[in-house]
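> Need coordinates for the below:
(chains A and B)
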Amino acid sequence: MATNRTYNRRNIFTVFSIVLLISLVLVGRLTYIMVYRADYYGVRAQQLHERERPIKAERGIIYDRNGIEIASNKPVCTISVIHSQIKEPETVIKLLSETLGISEDKVRKRVEKVSSIERIKANVDKETADIIRNYDLDGVMVDEDYKRYYPYGSLASKVIGFTGSDNQGIIGLEVEYDKYLQGIDGTILTLTTAQGLEIENAAEDRVEPMEGNSLTLSLDVNIQQYCEQAAKKVMEEKQAKSVKMILMNPQNGEIYAMVNYPEFDLNSPYTLLNQDESQATTLTDKEKNNLLNEMWRNACISDTYEPGSTFKTVTAAAALEEGVVKLTDNFYCPGYKIVEDRKIRCHKVGGHGAETFIDGIKNSCNPVFIEIGARVGATNMYKHFKKLGLFSRTSIDVPGEANSIMHKVDDIGAVELATISFGQSFQITPLQLLRAASAIVNGGNLITPHFGVSITNPDTGNVQKLKYDVSDGAVSKTTSDTMKSLLEAVVSDGSGKRAYLPGFRIGGKTATSEKLPRGTGKYISSFIGFAPADNPQVIAIVLIDEPVGIYYGGTIAAPVISGVFDNVLPYLGVEENYSEQEIEEYGIGSFTVPDFLGKSKDEANQLIKVHDFGEIYYIGEGDTVAEQFPLSGETVDKNSDLILYLD
Amino acid sequence: MARSESRSITQKKKRYSYYDYSLLFLTLFLVCFGLVMIYSTSSFNAQRMFGDSTHFVKQQGLAVVLGIAAMLVISKIDYRIFLKKVPILKIRFVTLIYIGAVSLQIAVLIFGREVKGAKRWIDLGFISFQPSDLSKIATILFVAYVVNLAPRRLDKITGFFRIAVYMAPLLGLIAKENLSTAIVIAGILVSICFVASRKKLYFIIVGILCVAVGSLYVFGVGYRSERVDVWRNVETHPKGYQILQGLFAIASGGIFGTGLGQSMQKLGFIPEAHNDMIFTIICEELGLFGAIAVILLFVLLLWRLFIIAINAPDLFGGLIAVGIMAHIAIQVILNIAVVSNSIPSTGIPLPFISYGGTSVSVLLAEIGVALSVSNQIRTER
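Below is the predicted model:
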């Protein structure tokens, strides 16, 4: 056997030294990485471990003018899947598609996508989310979240609008005030494993979300509700296609109500109205989209129409401004007027005969307005249109506003001027007309119609008042005063008399516009009214689209406004002020209820005769009054009902 | 000769015998440290995959117990038993071991279980093992034996080639499926021959030649090799993911580390962190100090093997000790160099620490042989 020689030992030492040397080099290399490259790689590692999870900011609340919430938030859940943690993909796909009502293919696509986290569905209500949570599926995440919630459902749906799944406004005020309402999302920074699991007890960095600012509107929930009911009622009665109504303060442009009936449910904005099941399945996506857009359309501001006779207020104001007509000027209406080669008819076939300008307005007589329109002339007419804002959008704070469609001033011949004078051959939006009418009755101030009043920061409580343009001199004060009394006359003693409301001074103008193309028998009945006539606090316009049967604005549209005013005026604090004549005619007044108790039926009847009761109801079979309502000694309005319990 | 006389004296008088307890202690310490680190690195994945956070540490623990038992038994047997002839077959033990290793390598190519595209495992039902680990110890013993037959021949390059030819069947079989093990075995072969040789010139010339060819390959045509490409563009290459994650882990450690068990990178970012990449987690959790301490432990272990090698009673014993030292040194160096992206990536476990039952039990058996060599050292008392 060979021996271990000295040179062997030396060689062994050499080998060991080489090993030692390389070890030192490696220690150097490690030191370099761990000390000098620590920042570089360390930061990258940190980024790898950290996951940013957004915390959705609560969207700002929308209040009505009295501080009632009309758009708020409620907690909902978001269902998502984490690809790497799913153990039983088939079960997950099946259960999720069943519970959430999404097709299996859609769920499968998201489940099988290799990504860190994939959202299956947002805005899932809490009950459904709890069902999914109870399945206890690996890799399925249920995150709580907020969803926009509209407590009044369909109230002013086309005005308020709704939001999408990412908390962004889709239509209406939600879009217009999106940047105020949105708020700033917060984030949670957590450490996660490679599978994306959050590590418990790891230090969390948290950036709190900033709640969105709240918005206060001029809209009044009670008025809006009342107007919607009135619109619904007339729409059903007249089997109309739709009813639009706007109530506004003509002095400052604050809108109290804007109705586009039928409204849709803001809490499920993708559900089509009046849709049966078979239709739902046959619609293509594009068709459904078109129908939805149609349903969401705010026709009050987005649709134009031929205003018809309500526009005579503008013609009359222009004529008064130009001084080409006096109230006492005499006209003659034979039932038509020949303009150039055309014979333009008045709505009254036999003609109104001889009449003053006041009568002309009361009768809504076309020949009178053709005459005064011709006196004003196209150029001057357009000058006043411009002053009254009929060539520009009203700048209302709701998106999607349309503009008027007018003749070019050079193209206006005598016939065109004649038709313009009574509100035909051009189109404007209802809101444009309402704004022009407001300027005419408020002393000549062209206001900006609006909903937004103020924006409040929920943290600091800072309130930012929103400001809107007002330009004066649209018409002179004198013209305004004259117009107010003329329009009051229309209601008290003219074509608008069905809008008459005892105790209130109401001014207004009716219209019946035949829809284009002519001759189809489709009409828009409208009425524009304001009260009190001497100092207007509220101005309203109603448009009934395609009523069936009687379609005259004076007959069907005017009573809608009087009904609304009857409730809204006292609500707004405008007090009744009856004239002697009214008290007589409408039995206004009150009396003290006498005591019926213990009286026989005959005695009671004698007593009833001397008092101004309305309906009398007897309840029970006996002959003696045991109870009465109202109680004796109470002061009640004339024509109040009386209930007597007989024993 | 005086030397052989004195050797015969030690053989007869056991009271002069020596036993390297330092080596034993260092080995046990490293193995235990390895178990701790395997638990730290594998518990998360074990919990995730098997629902039992101790899954890997239990398996490794079993192999460690078996390995320690084998080590203690082997250490008490005189290593010269390998030179004895097997009774019936009339060949030496060491030759039998070598033939056995070659047969197992052939067997693994035929019956082997394929894991990740390479056949490296033999599955006996109750136990499965990697024959390439056994081949390492076979190489150490067989090369030491062949060199010992005629050490002078190694003074010429032809002598080295002769031994290389002996080793060629085993080396070729291993290289086919497992290049990194082949590198380790080649390294052991060269180290033993180097120690036995009196002339260094051809080693130096061949060494320089290897470095030159290697550099040419890496910096010249190496871009064709994915391995080199990954090494040079570890941050952008898609296959550099594991190494890059390892670098993140090492760098996250800083000087004092994040603390035992506090690694982030082991949470799935480094795949199978308890295997070859375990050193990166040691760096992350124990910092630069911990890493240097581990390297120092290995250096001390190698130092003890060095002491045994130079004091070995004969050339055979010395060469065995050198082979074991070379084996451990090469694996430690390659492993750390790979995980720190100092060289192109290749899969080599960190001795005693990385997860792997065959590896740790074979290494323990090897230490047993080294202890057996130390046990034959004559103390001059």
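> distance between the longest helix anywhere in chain A and the chain's centre?
The residue-count maximum for a helix in chain A (DSSP state H) belongs to helix A:6-31. Mean C-alpha position of helix A:6-31 versus that of the full chain (C-alpha atoms, centre = their mean, to the nearest Å) differs by 85 Å.
> just stretch A:157-170 next, same as before
Counting by C-alpha atoms, centre = their mean, stretch A:157-170 comes out at 11 Å from the chain centroid.
> what bits of the stretch 501-647 of chain A have low per-residue confidence?
A:585-589 (pLDDT under 70).
> just the strands in it please.
A:507-514, A:523-531, A:538-545, A:590-592, A:616-619, A:625-629, A:635-637, A:642-646 (DSSP state E, counting those that start in this stretch).
> list the helices and strands the second one packs on?
Taking 3 or more C-beta pairs under 8 Å, 6 or more residues apart in numbering or on different chains; DSSP states H and E as the contact definition, the neighbouring helices and strands of strand A:523-531 are helix A:430-441, strand A:507-514, strand A:538-545, helix A:558-571. (Glycine included, C-beta is placed from N, CA and C.)
> Can you add mean neighbour count and give the strands of the stretch 501-647 of chain A back as a markdown table?
A markdown table is the format used below for those (neighbours: other C-beta atoms under 10 Å in any protein chain shown):
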| stretch | mean neighbour count |
| --- | --- |
| strand A:507-514 | 28 |
| strand A:523-531 | 29 |
| strand A:538-545 | 27 |
| strand A:590-592 | 13 |
| strand A:616-619 | 12 |
| strand A:625-629 | 17 |
| strand A:635-637 | 13 |
| strand A:642-646 | 18 |
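> Take the ones you listed and write them to a markdown table, including distance to residue A:357.
Supplementary listing: the strands of the stretch 501-647 of chain A in a markdown table, determined by distance: least, C-beta to C-beta, whole Å:
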| stretch | distance to residue A:357 |
| --- | --- |
| strand A:507-514 | 14 |
| strand A:523-531 | 19 |
| strand A:538-545 | 23 |
| strand A:590-592 | 41 |
| strand A:616-619 | 49 |
| strand A:625-629 | 53 |
| strand A:635-637 | 39 |
| strand A:642-646 | 49 |
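> and residue B:147, which of those is closest to it?
Evaluated over those, closeness to residue B:147 peaks at strand A:538-545, with 108.4 Å, by C-beta to C-beta.
> Name the residues of the stretch 251-381 of chain B found near chain A, please.
B:251-255, B:264-265, B:267-269, B:283, B:287-288, B:291-292, B:295, B:298-299, B:302-303, B:306, B:309-310, B:312-318, B:322, B:325-326, B:329, B:332-333, B:336-337, B:340, B:342 (C-beta under 8 Å from any C-beta of the partner chain).
> go with 7 Å
B:251-255, B:264-265, B:267-269, B:283, B:288, B:291-292, B:295, B:299, B:302, B:306, B:309-310, B:312, B:314-316, B:318, B:322, B:326, B:329, B:333, B:336-337, B:340, B:342 (C-beta under 7 Å from any C-beta of the partner chain).
> And those, which of them are buried?
B:251-254, B:264-265, B:267-269, B:283, B:288, B:291-292, B:295, B:299, B:302, B:306, B:309-310, B:312, B:314-316, B:318, B:322, B:326, B:329, B:333, B:336-337, B:340, B:342 (16 or more other C-beta atoms under 10 Å in any protein chain shown).
> In which helix or strand does residue 122 reside?
Going with chain A. strand A:118-124 (DSSP states H and E).
> My question was about chain B, not that one.
Here residue B:122 is assigned to strand B:118-123, by DSSP H and E.
> Sheet-wise, list the partners of the helix or strand just after that strand with their directions.
Proceeding N to C from strand B:118-123, the next assigned helix or strand is strand B:128-129, under DSSP H and E. The sheet places strand B:128-129 alongside strand B:118-123 (antiparallel), with pairing taken from DSSP bridges.
> Name the residues of the partner strand that are buried.
Counting neighbours by 16+ other C-beta under 10 Å, strand B:118-123 gives B:119-122 as buried.
> swap in stretch A:330-340?
For stretch A:330-340, by 16+ other C-beta under 10 Å, it's A:331, A:333, A:335-337, A:339.
> Same check on stretch A:452-465?
Those would be A:452-453, A:455-457, for stretch A:452-465 by 16+ other C-beta under 10 Å.
> distance between the ends of it?
End-to-end span of stretch A:452-465 (C-alpha to C-alpha, to the nearest Å): 9 Å.
> avg pLDDT for it?
Stretch A:452-465 carries an average pLDDT of 91.
> From the chain's centroid, how far away is it?
Distance, centroid of stretch A:452-465 to centroid of chain: 21 Å (C-alpha atoms, centre = their mean).
> And for stretch A:147-162?
8 Å.
> Need the CA coordinates for it. PDB is fine.
Taking C-alpha atoms only, stretch A:147-162 is exported to PDB below (Å, rounded to 0.1, in the frame of the first residue of the first chain):
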ATOM      1  CA  LYS A 147     -73.700  50.400  -4.500                       C
ATOM      2  CA  ARG A 148     -75.600  53.500  -5.600                       C
ATOM      3  CA  TYR A 149     -79.100  53.300  -4.200                       C
ATOM      4  CA  TYR A 150     -82.100  55.400  -5.100                       C
ATOM      5  CA  PRO A 151     -84.700  55.400  -2.300                       C
ATOM      6  CA  TYR A 152     -87.400  56.800  -4.500                       C
ATOM      7  CA  GLY A 153     -86.800  54.300  -7.400                       C
ATOM      8  CA  SER A 154     -88.100  56.000 -10.500                       C
ATOM      9  CA  LEU A 155     -88.400  59.500  -9.100                       C
ATOM     10  CA  ALA A 156     -87.000  62.000 -11.600                       C
ATOM     11  CA  SER A 157     -85.100  59.100 -13.100                       C
ATOM     12  CA  LYS A 158     -84.000  60.800 -16.200                       C
ATOM     13  CA  VAL A 159     -82.800  63.900 -14.300                       C
ATOM     14  CA  ILE A 160     -80.900  62.200 -11.500                       C
ATOM     15  CA  GLY A 161     -79.400  59.400 -13.700                       C
ATOM     16  CA  PHE A 162     -77.600  56.400 -12.400                       C
END
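> Same question for that stretch: list its buried residues.
A:147-150, A:152, A:154-162.
> Relative to chain B, which of these is nearest.
residue A:147 (34.1 Å; C-beta to the nearest C-beta).
> quick one: which helix or strand includes the closest residue to the closest one other than its chain neighbours?
Nearest residue to residue A:147, sequence neighbours excluded (C-beta to C-beta, 6 or more residues apart in numbering or on different chains): residue A:76, at 3.9 Å. For residue A:76, the enclosing helix or strand under DSSP H and E is strand A:69-81.
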